[in-house]
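Engineer: let's see this in three dimensions:
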Amino acid sequence: MSTFTKIKAIKDSLSHSEGKLADFILNSSNAIRELSSQELANVAGVSQSSVVKFTQKLGYKGYPTFKLAVMDALNSEAINNEQNNDHLHGKITLTDSLEQLATKLLSSKISVLNETKSLNEVKSIEGAVNLIKSAKRILICGLGGSALVGYDFSYKLQKIGYSAIANSDAHAQLALAATFTKDDLVFAISESGQTFEVIEICQQAKQCGAGIISLTKYGKTQVSSYAEIKLYSIAEADSLRLSSILARTAQEYIIDILFIAITQSSRQSRKLLEKTNTVIANFRNSTER
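Structural biologist: Numbering: from 1, shown residues only. Here you go, the predicted structure:
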(Lines give C-alpha, C1' and ligand atoms only; values in the text may rest on other atoms or scores of the structure.)
Protein backbone atom coordinates (compact mmCIF):
# COMPACT_ATOMS: atom_id res chain seq x y z
CA MET A 1 0.00 0.00 0.00
CA SER A 2 1.41 3.40 -0.99
CA THR A 3 2.58 5.47 1.97
CA PHE A 4 1.15 8.61 0.39
CA THR A 5 -2.23 6.93 -0.10
CA LYS A 6 -2.28 5.98 3.58
CA ILE A 7 -1.46 9.51 4.69
CA LYS A 8 -4.10 11.12 2.47
CA ALA A 9 -6.71 8.60 3.60
CA ILE A 10 -6.31 9.39 7.31
CA LYS A 11 -5.32 13.06 7.02
CA ASP A 12 -8.63 14.42 8.33
CA SER A 13 -8.32 12.41 11.55
CA LEU A 14 -4.77 13.46 12.48
CA SER A 15 -3.74 15.58 15.44
CA HIS A 16 -2.18 19.01 14.90
CA SER A 17 1.41 17.69 15.06
CA GLU A 18 0.57 14.72 12.85
CA GLY A 19 -1.12 17.06 10.39
CA LYS A 20 2.04 19.16 10.13
CA LEU A 21 4.06 16.03 9.41
CA ALA A 22 1.52 14.82 6.85
CA ASP A 23 1.56 18.17 5.02
CA PHE A 24 5.35 18.26 4.89
CA ILE A 25 5.66 14.66 3.69
CA LEU A 26 3.02 15.07 0.99
CA ASN A 27 4.32 18.45 -0.22
CA SER A 28 8.08 17.78 0.13
CA SER A 29 8.28 14.01 -0.13
CA ASN A 30 11.61 14.01 -1.99
CA ALA A 31 13.27 15.65 1.02
CA ILE A 32 12.55 12.56 3.14
CA ARG A 33 15.33 10.74 1.26
CA GLU A 34 17.95 12.89 3.00
CA LEU A 35 16.35 13.54 6.41
CA SER A 36 16.82 11.70 9.68
CA SER A 37 13.88 11.46 12.07
CA GLN A 38 15.29 14.37 14.13
CA GLU A 39 15.82 16.48 11.01
CA LEU A 40 12.27 15.78 9.83
CA ALA A 41 10.99 16.78 13.27
CA ASN A 42 12.94 20.04 13.07
CA VAL A 43 11.73 21.08 9.62
CA ALA A 44 8.12 20.11 10.37
CA GLY A 45 8.17 21.86 13.72
CA VAL A 46 7.30 18.85 15.86
CA SER A 47 9.09 16.60 18.35
CA GLN A 48 11.09 13.54 17.33
CA SER A 49 8.72 11.35 19.34
CA SER A 50 5.85 12.71 17.22
CA VAL A 51 7.65 11.50 14.10
CA VAL A 52 8.10 8.02 15.54
CA LYS A 53 4.47 7.82 16.69
CA PHE A 54 3.29 9.06 13.31
CA THR A 55 5.19 6.37 11.41
CA GLN A 56 3.85 3.71 13.79
CA LYS A 57 0.32 5.01 13.28
CA LEU A 58 0.80 4.34 9.58
CA GLY A 59 1.74 0.75 10.36
CA TYR A 60 5.54 0.93 10.23
CA LYS A 61 7.86 -0.35 12.95
CA GLY A 62 9.83 2.85 12.97
CA TYR A 63 11.25 5.73 10.95
CA PRO A 64 13.78 3.69 8.88
CA THR A 65 11.03 1.40 7.59
CA PHE A 66 8.82 4.40 6.88
CA LYS A 67 11.62 6.15 5.00
CA LEU A 68 12.15 3.11 2.74
CA ALA A 69 8.40 2.98 2.07
CA VAL A 70 8.41 6.67 1.06
CA MET A 71 11.29 6.03 -1.35
CA ASP A 72 9.41 3.07 -2.87
CA ALA A 73 6.31 5.24 -3.26
CA LEU A 74 8.35 7.99 -4.95
CA ASN A 75 9.88 5.50 -7.38
CA SER A 76 6.44 4.10 -8.22
CA GLU A 77 5.03 7.57 -8.81
CA ALA A 78 7.94 8.43 -11.09
CA ILE A 79 7.21 5.36 -13.21
CA ASN A 80 3.50 6.15 -13.34
CA ASN A 81 4.12 9.77 -14.30
CA GLU A 82 6.45 8.70 -17.07
CA GLN A 83 3.85 6.29 -18.41
CA ASN A 84 1.06 8.89 -18.14
CA ASN A 85 2.77 12.12 -19.09
CA ASP A 86 -0.40 13.43 -20.74
CA HIS A 87 -2.31 13.14 -17.45
CA LEU A 88 -4.40 16.26 -16.79
CA HIS A 89 -4.63 17.30 -13.16
CA GLY A 90 -6.84 19.83 -11.46
CA LYS A 91 -10.33 20.48 -10.20
CA ILE A 92 -13.30 20.80 -12.49
CA THR A 93 -14.37 24.43 -12.67
CA LEU A 94 -17.36 26.28 -14.07
CA THR A 95 -15.21 27.65 -16.90
CA ASP A 96 -13.99 24.24 -18.12
CA SER A 97 -14.96 23.17 -21.61
CA LEU A 98 -16.71 19.83 -22.07
CA GLU A 99 -13.41 18.34 -23.24
CA GLN A 100 -11.60 19.61 -20.14
CA LEU A 101 -14.40 18.38 -17.89
CA ALA A 102 -14.32 14.90 -19.43
CA THR A 103 -10.54 14.67 -19.19
CA LYS A 104 -10.39 15.86 -15.58
CA LEU A 105 -13.17 13.49 -14.54
CA LEU A 106 -11.37 10.58 -16.17
CA SER A 107 -8.14 11.62 -14.45
CA SER A 108 -9.88 11.79 -11.06
CA LYS A 109 -11.51 8.39 -11.51
CA ILE A 110 -8.24 6.76 -12.52
CA SER A 111 -6.53 8.27 -9.48
CA VAL A 112 -9.27 7.07 -7.12
CA LEU A 113 -9.25 3.56 -8.59
CA ASN A 114 -5.47 3.28 -8.27
CA GLU A 115 -5.51 4.49 -4.66
CA THR A 116 -8.44 2.23 -3.75
CA LYS A 117 -6.56 -0.74 -5.19
CA SER A 118 -3.49 0.11 -3.11
CA LEU A 119 -5.53 0.35 0.11
CA ASN A 120 -6.83 -3.23 -0.10
CA GLU A 121 -4.58 -6.21 0.52
CA VAL A 122 -5.09 -9.45 -1.39
CA LYS A 123 -5.70 -11.41 1.81
CA SER A 124 -8.58 -9.08 2.71
CA ILE A 125 -10.22 -9.58 -0.68
CA GLU A 126 -9.74 -13.34 -0.37
CA GLY A 127 -11.20 -13.30 3.13
CA ALA A 128 -14.26 -11.37 1.94
CA VAL A 129 -14.79 -13.81 -0.93
CA ASN A 130 -14.66 -16.78 1.45
CA LEU A 131 -17.15 -15.17 3.87
CA ILE A 132 -19.58 -14.38 1.06
CA LYS A 133 -19.34 -17.88 -0.40
CA SER A 134 -20.06 -19.51 2.97
CA ALA A 135 -22.97 -17.24 3.96
CA LYS A 136 -26.53 -18.54 3.99
CA ARG A 137 -28.05 -15.05 3.73
CA ILE A 138 -26.35 -11.75 2.92
CA LEU A 139 -27.64 -8.32 3.91
CA ILE A 140 -25.98 -5.49 2.00
CA CYS A 141 -26.63 -2.29 3.93
CA GLY A 142 -25.91 1.32 3.16
CA LEU A 143 -27.67 4.65 2.74
CA GLY A 144 -27.69 7.27 -0.02
CA GLY A 145 -25.13 6.61 -2.74
CA SER A 146 -23.85 3.59 -0.82
CA ALA A 147 -27.35 2.07 -1.05
CA LEU A 148 -27.18 2.30 -4.85
CA VAL A 149 -23.88 0.42 -4.81
CA GLY A 150 -25.45 -2.12 -2.45
CA TYR A 151 -28.35 -2.74 -4.84
CA ASP A 152 -25.90 -3.33 -7.68
CA PHE A 153 -23.93 -5.82 -5.58
CA SER A 154 -27.08 -7.68 -4.52
CA TYR A 155 -28.20 -8.03 -8.16
CA LYS A 156 -24.80 -9.40 -9.13
CA LEU A 157 -24.79 -11.94 -6.29
CA GLN A 158 -28.39 -12.99 -7.00
CA LYS A 159 -27.40 -13.80 -10.59
CA ILE A 160 -24.94 -16.42 -9.30
CA GLY A 161 -27.30 -17.99 -6.80
CA TYR A 162 -26.71 -16.10 -3.55
CA SER A 163 -29.48 -14.95 -1.23
CA ALA A 164 -28.33 -11.33 -1.18
CA ILE A 165 -30.71 -8.64 -0.02
CA ALA A 166 -30.31 -4.87 -0.35
CA ASN A 167 -32.78 -2.35 1.02
CA SER A 168 -32.44 1.40 1.36
CA ASP A 169 -34.83 1.47 4.35
CA ALA A 170 -32.74 1.42 7.54
CA HIS A 171 -35.63 0.00 9.60
CA ALA A 172 -36.03 -2.91 7.19
CA GLN A 173 -32.27 -3.53 7.25
CA LEU A 174 -32.20 -3.50 11.05
CA ALA A 175 -35.20 -5.84 11.32
CA LEU A 176 -33.60 -8.33 8.94
CA ALA A 177 -30.28 -8.19 10.79
CA ALA A 178 -32.14 -9.10 14.00
CA THR A 179 -33.13 -12.45 12.40
CA PHE A 180 -29.56 -13.34 11.42
CA THR A 181 -27.45 -16.17 12.84
CA LYS A 182 -23.80 -17.18 12.66
CA ASP A 183 -24.48 -18.57 9.17
CA ASP A 184 -25.44 -15.15 7.79
CA LEU A 185 -23.43 -12.11 6.70
CA VAL A 186 -23.78 -8.33 6.72
CA PHE A 187 -21.89 -6.39 4.06
CA ALA A 188 -21.82 -2.83 5.43
CA ILE A 189 -21.10 0.05 3.04
CA SER A 190 -20.41 3.51 4.46
CA GLU A 191 -18.08 6.02 2.85
CA SER A 192 -17.39 7.75 6.17
CA GLY A 193 -17.59 4.62 8.31
CA GLN A 194 -19.68 6.65 10.75
CA THR A 195 -23.22 6.30 9.33
CA PHE A 196 -25.44 5.94 12.41
CA GLU A 197 -27.94 3.52 10.87
CA VAL A 198 -25.22 1.26 9.49
CA ILE A 199 -23.51 1.21 12.89
CA GLU A 200 -26.79 0.09 14.51
CA ILE A 201 -27.21 -2.69 11.95
CA CYS A 202 -23.66 -3.90 12.55
CA GLN A 203 -24.22 -3.87 16.30
CA GLN A 204 -27.37 -5.97 15.89
CA ALA A 205 -25.66 -8.40 13.51
CA LYS A 206 -22.75 -8.77 15.93
CA GLN A 207 -25.13 -9.60 18.78
CA CYS A 208 -26.67 -12.32 16.62
CA GLY A 209 -23.26 -13.79 15.80
CA ALA A 210 -23.43 -12.96 12.08
CA GLY A 211 -20.32 -12.22 10.06
CA ILE A 212 -19.59 -8.65 8.99
CA ILE A 213 -17.60 -7.21 6.09
CA SER A 214 -17.14 -3.44 6.02
CA LEU A 215 -16.42 -1.16 3.07
CA THR A 216 -15.46 2.27 4.43
CA LYS A 217 -12.81 4.94 4.19
CA TYR A 218 -9.33 3.87 5.28
CA GLY A 219 -8.56 3.92 9.00
CA LYS A 220 -10.42 3.09 12.18
CA THR A 221 -14.16 3.80 12.00
CA GLN A 222 -17.15 2.69 14.04
CA VAL A 223 -18.51 0.57 11.20
CA SER A 224 -15.21 -1.17 10.48
CA SER A 225 -14.66 -1.85 14.20
CA TYR A 226 -17.40 -4.51 14.00
CA ALA A 227 -16.05 -6.22 10.88
CA GLU A 228 -13.93 -9.36 10.59
CA ILE A 229 -12.91 -8.26 7.11
CA LYS A 230 -12.22 -4.58 6.47
CA LEU A 231 -12.25 -3.28 2.89
CA TYR A 232 -11.54 0.31 1.94
CA SER A 233 -12.60 2.84 -0.68
CA ILE A 234 -11.69 6.49 -1.03
CA ALA A 235 -12.80 9.72 -2.63
CA GLU A 236 -10.63 12.78 -3.09
CA ALA A 237 -11.58 14.96 -0.13
CA ASP A 238 -10.48 18.17 -1.85
CA SER A 239 -12.75 17.58 -4.86
CA LEU A 240 -16.05 18.27 -3.15
CA ARG A 241 -18.05 18.65 -6.34
CA LEU A 242 -16.94 15.18 -7.39
CA SER A 243 -17.00 13.47 -4.00
CA SER A 244 -20.17 11.39 -4.41
CA ILE A 245 -19.20 10.36 -7.94
CA LEU A 246 -15.71 9.32 -6.90
CA ALA A 247 -16.96 7.53 -3.78
CA ARG A 248 -19.31 5.37 -5.87
CA THR A 249 -16.55 4.73 -8.41
CA ALA A 250 -14.28 3.41 -5.65
CA GLN A 251 -17.02 1.34 -3.98
CA GLU A 252 -18.17 -0.18 -7.27
CA TYR A 253 -14.58 -1.14 -8.06
CA ILE A 254 -14.37 -3.19 -4.87
CA ILE A 255 -17.70 -4.99 -5.38
CA ASP A 256 -16.77 -5.76 -8.98
CA ILE A 257 -13.48 -7.30 -7.83
CA LEU A 258 -15.39 -9.44 -5.31
CA PHE A 259 -17.98 -10.52 -7.88
CA ILE A 260 -15.36 -11.53 -10.44
CA ALA A 261 -13.26 -13.31 -7.79
CA ILE A 262 -16.30 -15.31 -6.66
CA THR A 263 -17.17 -16.40 -10.19
CA GLN A 264 -13.54 -17.32 -10.88
CA SER A 265 -13.38 -19.53 -7.80
CA SER A 266 -16.74 -21.29 -8.22
CA ARG A 267 -17.73 -23.44 -11.19
CA GLN A 268 -21.33 -23.43 -9.96
CA SER A 269 -21.36 -19.62 -9.94
CA ARG A 270 -20.03 -19.52 -13.50
CA LYS A 271 -22.73 -21.93 -14.65
CA LEU A 272 -25.46 -19.91 -12.98
CA LEU A 273 -24.12 -16.65 -14.43
CA GLU A 274 -24.13 -18.17 -17.90
CA LYS A 275 -27.68 -19.42 -17.35
CA THR A 276 -29.03 -16.10 -16.07
CA ASN A 277 -27.33 -14.17 -18.89
CA THR A 278 -28.87 -16.56 -21.42
CA VAL A 279 -32.35 -16.23 -19.92
CA ILE A 280 -32.13 -12.42 -20.01
CA ALA A 281 -30.77 -12.41 -23.58
CA ASN A 282 -33.59 -14.72 -24.75
CA PHE A 283 -36.17 -12.51 -23.08
CA ARG A 284 -34.78 -9.40 -24.74
CA ASN A 285 -34.79 -11.09 -28.13
CA SER A 286 -38.39 -12.21 -27.70
CA THR A 287 -39.58 -8.69 -26.82
CA GLU A 288 -37.84 -7.18 -29.84
CA ARG A 289 -39.70 -9.39 -32.32
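Engineer: helix or strand next in line after the least confident helix or strand in the chain by mean pLDDT, which one?
Structural biologist: Using mean pLDDT, DSSP states H and E, helix 63-83 stands out as the lowest-scoring helix or strand of the chain, at a mean of 76. Using DSSP states H and E, the helix or strand that follows helix 63-83 towards the C-terminus is helix 98-119.
Engineer: helices or strands next to that following helix in the packing?
Structural biologist: Judged by 3 or more Cβ pairs under 8 Å, 6 or more residues apart in numbering; DSSP states H and E, helix 98-119 is in contact with helix 3-10, helix 243-265. C-betas here are computed from N, CA, C, even on glycine.
Engineer: give me the angle between it and helix 243-265.
Structural biologist: 50 degrees (axes from the mean of the first three to the mean of the last three Cα atoms, to 10 degrees).
Engineer: how about helix 98-119: buried residues?
Structural biologist: For helix 98-119, the neighbour count (16 or more other Cβ atoms under 10 Å) marks 103-105, 107-109, 111-113, 115-116, 118-119 as buried.
Engineer: pull the most distant pair out of those residues.
Structural biologist: Maximum pairwise distance among the buried residues of helix 98-119 (Cβ to Cβ): 24.9 Å, between Thr103 and Leu119.
Engineer: which residues of the stretch 51-200 of the chain score low on pLDDT?
Structural biologist: Scanning the stretch 51-200 of the chain for pLDDT under 70 picks out the ranges 77-90.
Engineer: make JSON lines out of the helices and strands packed on helix 98-119 and add distance to Leu131 and mean pLDDT.
Structural biologist: Output for the helices and strands packed on helix 98-119, formatted as JSON lines (distance: least, Cβ to Cβ, whole Å; pLDDT from 0 to 100):
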{"stretch": "helix 3-10", "distance to Leu131": "23", "mean pLDDT": "84"}
{"stretch": "helix 243-265", "distance to Leu131": "10", "mean pLDDT": "92"}
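Engineer: between those helices, which gets nearest to Glu126?
Structural biologist: Among the helices and strands packed on helix 98-119, the nearest to Glu126 by Cβ to Cβ is helix 243-265 (7.7 Å).
Engineer: report all helices and strands that that closest one contacts.
Structural biologist: In terms of contacts (3+ Cβ pairs under 8 Å, 6+ apart), helix 243-265 is packed against helix 98-119, helix 122-134, helix 145-159, strand 211-216, helix 267-288.
Engineer: ok, which of these comes nearest Asp256?
Structural biologist: Of all the helices and strands packed on helix 243-265, helix 145-159 sits nearest to Asp256, with 8.1 Å by Cβ to Cβ.
Engineer: ok, and what's touching that closest one?
Structural biologist: Residues outside helix 145-159 that contact it (Cβ atoms under 8 Å, 6 or more residues apart in numbering) are 132, 138, 140-142, 164-166, 168, 187, 189-191, 195, 244, 247-248, 251-252, 255, 258-259, 262, 272-273, 276-277.
Engineer: look up phi and psi at the most centrally placed residue in the chain.
Structural biologist: Centroid-nearest residue in the chain: Ser233, 1.5 Å away (criterion: Cα atoms, centre = their mean). Ser233 adopts backbone torsions of phi -140, psi 160, taken as degrees, to the nearest 10.
Engineer: let me see the contact set for it.
Structural biologist: So Ser233 contacts 116, 119, 191, 215-217, 247, 250-251, 253-254 (Cβ under 8 Å, 6+ apart).
Engineer: quick one: which of these is nearest Ser50?
Structural biologist: Distance to Ser50, by Cβ to Cβ, is smallest for Lys217 among the contacts of Ser233, at 23.5 Å.
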